[in-house]
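Engineer: coords please:
(one chain, ligands or ions: 1)
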Amino acid sequence: MANVVVVGAQWGDEGKGKIVDWLSEQADIVVRFQGGHNAGHTLVVGSNVYKLSLLPSGVVRPNTLGVIGNGVVLDPYALVSEIERITGQGVEVSRKNLRVADNATLILSLHRELDALREDGAPGTKIGTTKRGIGPAYEDKVGRRAIRLMDLSEPDNLGPKIERLLAHHNALRRGFGLPEIAEKTIYDELTGIADKVLPYQDTVWRLLDEARRAGKRILFEGAQGALLDVDHGTYPFVTSSNTVAGQAATGSGLGPGAVGYVLGIAKAYTTRVGEGPFPTELFDEDGRLIGERGHEFGTVTGRQRRCGWFDACLVRQTVRTSGIDGIALTKLDVLDGFKEIRICTAYDLDGTRLDHLPASQGAQQRVVPVYETFQGWEGTTAGARSWSELPAQAIKYVRRIEELIGAPVALLSTSPERDDTILMHNPFED
Ligand code: IMP
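Structural biologist: Next up is the predicted model:
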């Protein structure tokens, strides 16, 4: 039985929620493998609307296990408040439907504070983060001084770990002119929440391996998008985790062969939140209209998203760095009514034609998109549930995207409604 990994093929906010929601209905287990509560998506199950950040989508479905893998950075307070919120909506959360990797790294208050401090600090250093402490927590993980979930079950051994962590952070804080943090403050913060999160801890790699051997269907739920990947994205304007599909294996403790079908989610245009290069960004009426029609405001921070034309060059790159087998193309209906639509097919860098975005920060700022212009379509794609309901010109647009990115469109989403989807290929039936 195939497993499926869902990754964003652009800069996040591609409409993964709706697709993951549909796929999670067919899955036995839904696994988060990177990021943290910087993600945000809305799930509609029957008449209930759930807003999730950290919890895997499976949690709200009966008979589906949600798993938070080792690749996630876990703010225990955010986890508990999210659990309380959905419990208030009638979803019972227990070990029956949620497990968290015992080796997941914790986000502490000092990480949130440092994230915000850096963002509001020296001019020119702003990344536009979500200020959730994601980056600083990953830094401590790689710096081998992080506190991990299982450490909470050994409070007697916490002291030296906190001391080691604070040796680093208090030095930083002195540099920022901030008061130092006492060991007891962090100890109290951790022991104050331990009883509420420890019940979910598990040896996740083992649990997933057994599930896989038993033929269970696993859905790996990516957060953010491949262009925010710390290695393959628009560095330094990226998140601090690997967001490409390969991370599904590392971030959950399975081998690469377990991942299965890679479904990339891409909008029929492009958006990004935060700072950083965005070659096809629009600053005109077209951009404003896309933002307005697409309701392009961040679910986590409420920030207005930057909007632009579809960048086939970037998605083609993502198709390769994530090994994408098929694309779910979302929000096609937002382009209804445009007289002309453009697709970026290549870049011009100082007179040289490029078929990819170069890694250098300076070059990323200088590339000029090379566009192909399409006539828009009359009529609407909104709510279409079959190819035959789509205007011929819209089909031409989708076919051209497939050709340019080198991957087929497996699903086409034509409205936020769950059933307004044209299915060409079910990734679980690959
Ligand atoms: P961080 O993940 O909070 O460190 O933010 C780093 C960058 O990733 C910023 O540009 C954020 O706007 C962006 N980012 C983080 N999470 C998301 C997401 O879920 N959707 C879109 N962008 C995100």
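Engineer: which of the residues in the biggest helix by length in the chain are buried?
Structural biologist: Under DSSP state H, the helix in the chain containing the largest number of residues is helix 158-176. Of the residues in helix 158-176, Leu158, Lys161, Ile162, Leu165, Leu166, His169, Asn170, Arg173 count as buried by neighbour count, 16 or more other Cβ atoms under 10 Å. Using the backbone N, CA and C atoms, a C-beta is placed for each residue, glycine as well.
Engineer: Specify which member of the residues you listed is nearest to the ligand.
Structural biologist: His169 (17.5 Å; Cβ to the nearest ligand atom).
Engineer: Chain neighbours aside, what residue packs nearest to the residue in the stretch 251-400 of the chain that the ligand sits nearest to?
Structural biologist: Ranked by Cβ to the nearest ligand atom, the top residue of the stretch 251-400 of the chain for proximity to the ligand is Gly274, at 2.4 Å. Excluding its sequence neighbours, the residue lying closest to Gly274 (Cβ to Cβ, 6 or more residues apart in numbering) is Gly128, at 2.6 Å.
Engineer: Equivalent analysis for Leu114, please.
Structural biologist: Per Cβ to Cβ, 6+ apart, closest to Leu114 is Pro136, 4.5 Å.
Engineer: Please work out how many residues are found near the one you found.
Structural biologist: 25 (other Cβ atoms under 10 Å).
Engineer: try Pro155
Structural biologist: Other residues close to Pro155 by other Cβ under 10 Å number 12.
Engineer: So which residues of the chain form helices?
Structural biologist: Under DSSP H, the chain gives helices at 16-24, 76-88, 109-119, 134-142, 158-176, 183-197, 204-213, 247-250, 285-293, 312-321, 361-366, 392-405.
Engineer: Next, format those helices as CSV and append mean pLDDT.
Structural biologist: Shown next, in CSV, are the helices of the chain (pLDDT from 0 to 100):
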stretch, mean pLDDT
helix 16-24, 90
helix 76-88, 97
helix 109-119, 95
helix 134-142, 98
helix 158-176, 97
helix 183-197, 98
helix 204-213, 97
helix 247-250, 98
helix 285-293, 96
helix 312-321, 98
helix 361-366, 96
helix 392-405, 97
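Engineer: May I see the ones you listed organised as CSV, with distance to Ala328 added?
Structural biologist: Shown next, in CSV, are those (distance: least, Cβ to Cβ, whole Å):
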stretch, distance to Ala328
helix 16-24, 5
helix 76-88, 25
helix 109-119, 31
helix 134-142, 25
helix 158-176, 40
helix 183-197, 33
helix 204-213, 24
helix 247-250, 16
helix 285-293, 19
helix 312-321, 12
helix 361-366, 26
helix 392-405, 12
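Engineer: So what are the sheet partners of the longest strand along the chain and their directions?
Structural biologist: If you go by DSSP state E, the chain has its longest strand at strand 340-349. Note on strand 340-349: by DSSP bridges, its sheet partners are strand 310-311 (parallel), strand 352-354 (antiparallel), strand 368-375 (antiparallel).
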